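Asker: based on what follows, work out the 3D shape:
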Amino acid sequence: MKSLRRPKSITFFAVLLFLTPLLTITANAYINMLPLWGAGSIFRRLIITDILILLVYPVAAVSVFSVTRAGWWLFIVSAVGVAIYNIIAYINNPMISLFGVIIFNLLLFITAGFFFRKHIIAPYFNPRLRWWEQASRYDIELGVSLEFGGTYEIGYLEDISIGGCFIRISENIKVGSLCPLRLSLGNEISISVKGIVMRSVTDDCSLPGYGVMFKNLTETEKEGLENMLSILHRLGLGETEGGTGDEDNRMFERYSVNVSVSFRYRGEILPARLINFSTTGACIETMLDMDMGEFCGFYCMLGYNSADVDGIIKWKKTLEHHRHYGIAFINPTKKQKHDITELLGTIKALGGRVRPRDVKAYDDMVEKTLPGTPYRIFQRGKKSDNT
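Answerer: Residues are numbered from 1 along each chain as shown. Next up is the predicted model:
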């Protein structure tokens with residue numbers, strides 16, 4: 001089912017057109033001093049052509065609200081038809097006010113002209129510009145930053161407890177080093193603590209891991225850390241008996257918080273990072289060079305919620321040390337749709353923010369769409385005026 005969300009301007013005009021028959025009948029009843037109901041009501045004076053022309057407005061309203069190519073053309077034809085009807089009605093009935101006909105037709109042409117504006121007409125001719133029909137994509141930021149000589153390096157937080165945490169970071173850190181940490185759970189909470197690197201781990205992961213023990217926490221830092229753990233517990237994020245590269249026995253409960261994905265590509269299972277997520281796709285970060293149009297598998301687990309779906313690579317962006325890939329989910333089953341919805345709920349609860357639309361990319365797509373629309377008539381008219 002498509003979303004009922006629309007730009008406010010389109011919704012406004014659709015509602016206005018839908019109510020126009022009622023407004024027209026009420027105005028005519030007032031002008032001609034006729035009741036709206038009863039034996040001598042204005043409805044008893046309506047002829048078949050009046051009824052048909054009044055039905056045009058709801059049709060035009062649905063056409064405007066549909067935001068489709070056929071809908072746009074149907075609305076324009078409806079507006080022209082009503083304008084012609086008003087002129088014929090005036091010719092056949094001298095009692096009709098010429099001034100009223102001119103004003104009414106002028107309003108019709110102004111309304112129709114609004115739908116010739118490039119940012120209004122383009123979505124009617126290009127479904128990809130109908131942003132309200134696309135699932136909202138949520139950026140999720142669960143990370144940790146470490147300070148080295150006044151600069152910060154970004155890493156990944158894999159698990160955390162009141163006594164320490166386990167992190168992944170590309171920086172080479174010596175065991176025994178004291179370093180400040182900045183820990184974040186999306187928009188929910190962000191705290192600064194100090195820690196000592198107790199051990200380093202080199203395994204199959206692309207980034208080395210480090211076990212960190214928190215040291216000399218202030219009361220404020222302890223309170224912030226307890227709040228963070230409370231949020232993780234409330235969200236049902238898994239308590240682990242032993243984290244990666246850590247001892248078997250734990251003094252404190254640890255919570256897994258790393259938003260990582262297992263990525264299936266050409267028969268291999270590869271690690272990647274989740275950048276954003278929606279009900280229809282996701283963006284991942286990896287150092288692997290992959291081709292657009294390739295089929296892939298996507299598995300993500302966050303707390304007690306997980307999703308495993310198939311997808312296709314729709315776009316990629318090469319950055320300095322890694323690449324971002326846009327993955328569109330394909331043919332998800334009912335269970336997969338449910339799993340995606342549950343996972344998205346956890347991401348939202350962790351402070352996942354709706355990713356804003358790329359205005360420049362949207363405008364570029366509008367410009368590419370315009371040559372295939374009636375908007376080109378206005379473009380040619382402007383060029384003719386300038387020459």
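Asker: in the protein, what secondary structure element scores lowest on mean pLDDT?
Answerer: When each helix and strand of the chain is scored by mean pLDDT, DSSP states H and E, strand 239-240 comes last, with a mean of 52.
Asker: my guess is Val15 meets Val62, correct?
Answerer: No. Using Cβ atoms under 8 Å, Val15 is not in contact with Val62; the gap is 11.5 Å. Glycine gets a C-beta too; all of them are placed from N, C-alpha and C.
Asker: where does the stretch 201-350 of the chain have low pLDDT?
Answerer: Applying pLDDT under 70 to the stretch 201-350 of the chain flags residues 204-206, 236-260, 303.
Asker: can you do 90?
Answerer: 201-210, 215-217, 220-222, 224-291, 297-309, 317-324, 331-332, 340-350 (pLDDT under 90).
Asker: list the contacts for Thr26?
Answerer: Residues in contact with Thr26 (Cβ atoms under 8 Å, 6 or more residues apart in numbering) are Leu36.
Asker: what about it, distance to Leu55?
Answerer: From Thr26 across to Leu55, the span is 17 Å (Cβ to Cβ, to the nearest Å).
Asker: now do Cys300
Answerer: From Cys300 across to Leu55, the span is 51 Å (Cβ to Cβ).
Asker: between those two, who's got more neighbours?
Answerer: Cys300 (23 against 11; other Cβ atoms under 10 Å).
Asker: tell me the bridge partners for the more buried one.
Answerer: For Cys300, the beta-bridge partners under DSSP bridges are Val261, Ala307.
Asker: residue contacts, it?
Answerer: Neighbour list for Cys300: Val259, Ser260, Val261, Ser262, Leu274, Phe277, Ala282, Ser306, Ala307, Leu343 [criterion: Cβ under 8 Å, 6+ apart].
Asker: in the stretch 51-200 of the chain, where is pLDDT below threshold?
Answerer: The model of the stretch 51-200 of the chain has pLDDT under 90 over residues 51-53, 85-105, 107-114, 117-118, 128, 130-174, 177-195, 200.
Asker: all strands for it, in order.
Answerer: If DSSP state E, counting those that start in this stretch is used as the criterion, the strands of the stretch 51-200 of the chain fall at 138-139, 144-148, 151-160, 164-168, 178-185, 189-201.
Asker: so how far is Ile191 from the nearest residue to Val175 once chain neighbours are set aside?
Answerer: Spatial nearest neighbour of Val175, chain neighbours left out: Val197 (5.4 Å); criterion: Cβ to Cβ, 6 or more residues apart in numbering. Relative to Ile191, Val197 is positioned 19 Å away (Cβ to Cβ).
Asker: what's the answer for Ser136, then?
Answerer: From Ser136 to Ile191 the distance is 28 Å (Cβ to Cβ).
Asker: okay, the two: which has more neighbours?
Answerer: Ile191 (19 against 16).
Asker: who does the more buried one bridge with?
Answerer: With DSSP bridges as the rule, Ile191 is bridged to Leu183.
Asker: ranges for the helices of the stretch 1-150 of the chain?
Answerer: Using DSSP state H, counting those that start in this stretch, the helices assigned to the stretch 1-150 of the chain run over residues 8-31, 48-66, 69-92, 98-114, 118-125.
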